[in-house]
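**Q** Have a look at this prediction, sequence included:
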Amino acid sequence: AGSVSSNIISNESLAYKTGYDTSDWSGFVIANLLNTDGTLGEVVWDAACKLTGGECNTMPGNPTIPQTRTHATRNIFTYEYATKTKHPFHTTDMSTDEISKILDSDYFRSITPPLTDLVSAADSVIHYVRGDRLLEQQNGGPFRTRRNLLGDVINSSAKIVRGPSASYNDQFWGAGSPERLAADSGTGYTEFRAANANRNNILLVGANDGMLHAFDAGINSINGGDELWAYIPSKALDGISEFVDPAYIHTSYVDAAPFVLDSYIGSSWTTVALGGMRHGGKLFYALDLGNTPETEPDVLWEFTDEDDIDMGYTYAGGIIARVTYPDSSTSVDSKWVAFVPNGYNSTNHKSVMYAIDLETGQLLHKWETGIGDINNPNGMGPPVASDIIAYDESDTTRTFYGADQGADFIYAGDLHGNLYRFNVGDIFTGNDTAE
């Protein structure tokens, strides 16, 4: 057993390293100075140390680090899938269904006599997950003792969210499109990028404590490593009480970093994070990070196997793209879309690609390959978008080779070794032209 560094992502001056320790399944997110020769310098902060407080042995001199937030002051929120509402991670804000999901674990099922006060039991779990250490065994309680409060970070890198940096050109949007109208009125992407160029940079990191964490990146602030907020997807509530078991066996929860892109939804420019959970759950989520990603985001939607039975574990990430298609001979319709693969180990074991409205979460189109069954399971891998067709706005029946800032085809492969090309025009026409 020992520490494993799983991913290193670098900025101009800092390198961010994520990882985990198999001896206790704790995690870390560390910022190193980046030397001019590309090697790693000393550690300047450790997010796990700042979350936990106390001696920090990853930093030079093993300094004592003050805890930046207590369990009571951390900004942690979750999402109730049934009601499509976001709320704080407290029992006072939870439904009975959410409380039952939290306690749906072998650990709590083994308690005799069976629990009768489920709210109190769920409350004790929530306090523990939030970082309350009173009920840990080291303090005389029944729950697992933790060395630090950050769960293991295995497959998630640290996704840096900087100021807006997409290569959109406001003059290339189609005439009459929402993006072009915004540009013409002085609220285009150029203005969005300029207004938010120096916004506080954050890191998004998925951890197997059930959370997508947002940490201050320490690039344009002095608070590097501070946790800003944390989101618990609804599927991560399922059996999260296993986390308190002194005989804890590693479980996946939010084991991936999200895809992030500036997008035009809700009549304005914003930054959106699209993520999954790998083996932590059959779920994709979309968060509206807004202009200031360091503040608590809105949950745009969650898409799960309850929305479609072919959704599997989200090992493969999704992407965001703007899509266009003629709606008349002289105009082109457009949408911002999340393209997400169905992943692996779905109920029907087939490979599927979904197109989901980025703003509303509505399923716009489902491409079914029909390939796969329980004896030969299949699943779709991560997609890539291509922009190779532009429409003549004076006569949209005519096209030419070129980029119009809208995806035309989505490419992805499945577990059976097939490579597919999906025509995004199917979103508008209802056709199925997977090749």
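**A** Arrived safely. Because the structure is predicted, anything quoted here is derived from the model rather than measured.

**Q** so Gln124 sits in a helix?
**A** Small correction: residue 124 is Ser, not Gln. Yes - judged by DSSP: H, G, I helix; E, B strand; the rest coil, Ser124 forms part of a helix.

**Q** And the closest residue to it other than its chain neighbours, how far from Asp152?
**A** Closest residue to Ser124 apart from its sequence neighbours, by Cβ to Cβ, 6 or more residues apart in numbering: Leu135 at 6.0 Å. C-beta coordinates here come from the backbone N, C-alpha and C atoms, glycine included. From Leu135 over to Asp152 the distance is 21 Å, taken as Cβ to Cβ, to the nearest Å.

**Q** coming back round to it: state the phi and psi torsions of the residue nearest to Ser124.
**A** Here is the backbone geometry of Leu135 (degrees, to the nearest 10): phi -90, psi 10.

**Q** pretty sure it contacts Ile126?
**A** No - with contacts counted by Cβ atoms under 8 Å, Leu135 stays clear of Ile126, the gap being 11.2 Å.

**Q** Compare the two (neighbour count), which wins?
**A** Between Leu135 and Ile126, counted using other Cβ atoms under 10 Å, the more crowded position is Ile126 (25 against 16).

**Q** In three-state terms, label the residue most central in space within the chain for me.
**A** In the chain, the C-alpha nearest the mean C-alpha coordinate belongs to Gly275, at 3.0 Å (Cα atoms, centre = their mean). Put simply, Gly275 is strand when judged by three-state DSSP.

**Q** Is it bridged to anything, and to what?
**A** Assessed by DSSP bridges, Gly275 has beta-bridge partners Tyr285.

**Q** which residue ranges form the strands in the stretch 151-300 of the chain?
**A** For the stretch 151-300 of the chain, strands defined by DSSP state E, counting those that start in this stretch occupy the ranges 159-161, 202-206, 212-216, 227-232, 259-265, 268-276, 283-288, 298-304.

**Q** Show residues contacting the first one.
**A** Read that as strand 159-161. For strand 159-161, contacts defined as Cβ atoms under 8 Å, 6 or more residues apart in numbering pick out 9, 11, 16, 201-205, 217, 257-258, 260, 271, 273, 289, 293.

**Q** Can I get the strands of the stretch 151-300 of the chain in a markdown table including mean pLDDT and distance to Lys84?
**A** Listed next are those as a markdown table, based on pLDDT from 0 to 100; distance: least, Cβ to Cβ, whole Å:
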| stretch | mean pLDDT | distance to Lys84 |
| --- | --- | --- |
| strand 159-161 | 95 | 25 |
| strand 202-206 | 97 | 22 |
| strand 212-216 | 98 | 18 |
| strand 227-232 | 98 | 15 |
| strand 259-265 | 98 | 16 |
| strand 268-276 | 98 | 17 |
| strand 283-288 | 98 | 12 |
| strand 298-304 | 98 | 7 |
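
**Q** Need those in CSV (columns: distance to Asn62).
**A** Output for the strands of the stretch 151-300 of the chain, formatted as CSV (distance: least, Cβ to Cβ, whole Å):
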stretch, distance to Asn62
strand 159-161, 28
strand 202-206, 24
strand 212-216, 21
strand 227-232, 22
strand 259-265, 35
strand 268-276, 34
strand 283-288, 36
strand 298-304, 39
